[in-house]
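**Student:** mind looking at a prediction? Sequence and model below.
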Amino acid sequence: MKGILADTVAVGIDEAGLGPILGPLVVSAAAFSIPTEKIGADMWQLLSDSISSKKKHLAGRLLICDSKKAYTPSTGIAHLEKTVLSCLKSLSKTPDSVAQLVDSLGSDSKQRLLECPWYKNIDTQKIDFNADEISISAGAFEKNLEKNGIALIALKSYCLEAGHYNQLIEKIRNKSKVVFQLVCRPIDEVIKSSQHRNYHFRIDRQGGRMRYSQLLRTMFPDMALKILDENDTSSSYELSTSYKVVKLDFVVKADELYLPAALASMTSKYLREQLMASLNSYFIEKCRQLKPTAGYWTDGKRFLNDLKVIAPQIQFNPAQLIRCR
């Protein structure tokens, strides 16, 4: 990992696809090494030469914001793509297919994805982007980071396709615990893969849950736990060992308040959209009358009904395609 070991590792974690009945659940983490004296500063302000949180007046800068503001069905994935690919470029990664994107984001889920017929084309599903534009944006971003003593040290995604999701739900019998286990994967990986001493995670709050201490004790039994605060908008904890201190804030709308969480939000959404494009392509190639779906409840039900009525000849395993809850 890049960065000075005396720095604090600031990490944002957010998901995409928590509510749909079709398509993957994706959790992503964006980690930055930040000088400890700048840990409370507004990163959007520090990096305003190369990024912005608003679409207006970007003037070539990267958009980093809540993915719901960066993406709409009408404008598509352009902002998500430019930002995620530019950040990966700054980490010396240049994926040109969806399979390479999955690999670049460090997900270990590619084999499970390839077991699904609708994701088998991700090796040939090309990512179409302007390489020069990505290089320029990545260069400006890196220069801006370096000027402030900051380094992007990791951008990772963890993907849970519907079949594996259903298996975990059947085993654990609790959706929120399944999601929390997925959220804890990047926490554990970042801590274990770095020699830094101090970490600060900001995580979009999971539904209406306010208390996370028991879940954290279960997931990190070898670390001491201290409850710092639990209120309506933020729940804060400290995990520690003799040589590492980890602060975790579960915050309502973290992706609107903290740049690393916003970048994680955009990364999750971008990867999910690419995988949904693969899913839609698979079924529509078998029946051109089908209309694509985003996978969310109402439209997902519509798509499944269309499969039944318009394309009954298409065979699929419901437990592999449709989430049980």
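**Tutor:** Everything's here; your move.

**Student:** Gly300 and Gly17 touch, don't they?
**Tutor:** No. The pair Gly300 / Gly17 is not scored as a contact, 11.1 Å apart, by CB atoms under 8 Å. Where you see a C-beta, it was placed from the backbone N, CA and C, and this is true even at glycine.

**Student:** okay, the two: which has more neighbours?
**Tutor:** Ranked by neighbour count (other CB atoms under 10 Å), Gly300 and Gly17 place Gly17 first, with 26 against 20.

**Student:** what's the more buried one in contact with, if anything?
**Tutor:** Contacts were defined as CB atoms under 8 Å, 6 or more residues apart in numbering; by that measure Gly17 touches Gly23, Pro24, Leu25, Val26, Ser268, Arg272, Gly295.

**Student:** which residues of the chain fall in helices?
**Tutor:** Here the chain has its helices, by DSSP state H, at 43-46, 67-70, 78-90, 98-104, 110-114, 131-147, 162-172, 175-193, 213-219, 254-257, 259-286, 297-309, 318-321.

**Student:** JSON lines please, covering those and showing distance to Ile13 and mean pLDDT.
**Tutor:** As requested, the helices of the chain are exported to JSON lines (distance: least, CB to CB, whole Å; pLDDT from 0 to 100):
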{"stretch": "helix 43-46", "distance to Ile13": "15", "mean pLDDT": "96"}
{"stretch": "helix 67-70", "distance to Ile13": "13", "mean pLDDT": "92"}
{"stretch": "helix 78-90", "distance to Ile13": "15", "mean pLDDT": "97"}
{"stretch": "helix 98-104", "distance to Ile13": "18", "mean pLDDT": "96"}
{"stretch": "helix 110-114", "distance to Ile13": "21", "mean pLDDT": "92"}
{"stretch": "helix 131-147", "distance to Ile13": "20", "mean pLDDT": "96"}
{"stretch": "helix 162-172", "distance to Ile13": "18", "mean pLDDT": "94"}
{"stretch": "helix 175-193", "distance to Ile13": "6", "mean pLDDT": "92"}
{"stretch": "helix 213-219", "distance to Ile13": "13", "mean pLDDT": "95"}
{"stretch": "helix 254-257", "distance to Ile13": "8", "mean pLDDT": "94"}
{"stretch": "helix 259-286", "distance to Ile13": "5", "mean pLDDT": "97"}
{"stretch": "helix 297-309", "distance to Ile13": "24", "mean pLDDT": "97"}
{"stretch": "helix 318-321", "distance to Ile13": "27", "mean pLDDT": "96"}
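
**Student:** hmm, who's touching stretch 311-324?
**Tutor:** Applying CB under 8 Å, 6+ apart, the external contacts of stretch 311-324 come out as 20-22, 116-118, 162-163, 165-166, 169-170, 283, 286-287, 289-290, 304, 307.

**Student:** just the buried ones out of these, please.
**Tutor:** Among the contacts of stretch 311-324, the ones that count as buried by 16 or more other CB atoms under 10 Å are 20-22, 116-118, 162-163, 165-166, 169, 283, 290, 304, 307.

**Student:** quick check, nearest of those to Lys110?
**Tutor:** Among the buried ones among the contacts of stretch 311-324, Cys116 lies closest to Lys110 (CB to CB), at 11.1 Å.

**Student:** surely that closest one meets Tyr165?
**Tutor:** No. Judged on CB under 8 Å, Cys116 makes no contact with Tyr165 at a distance of 11.8 Å.
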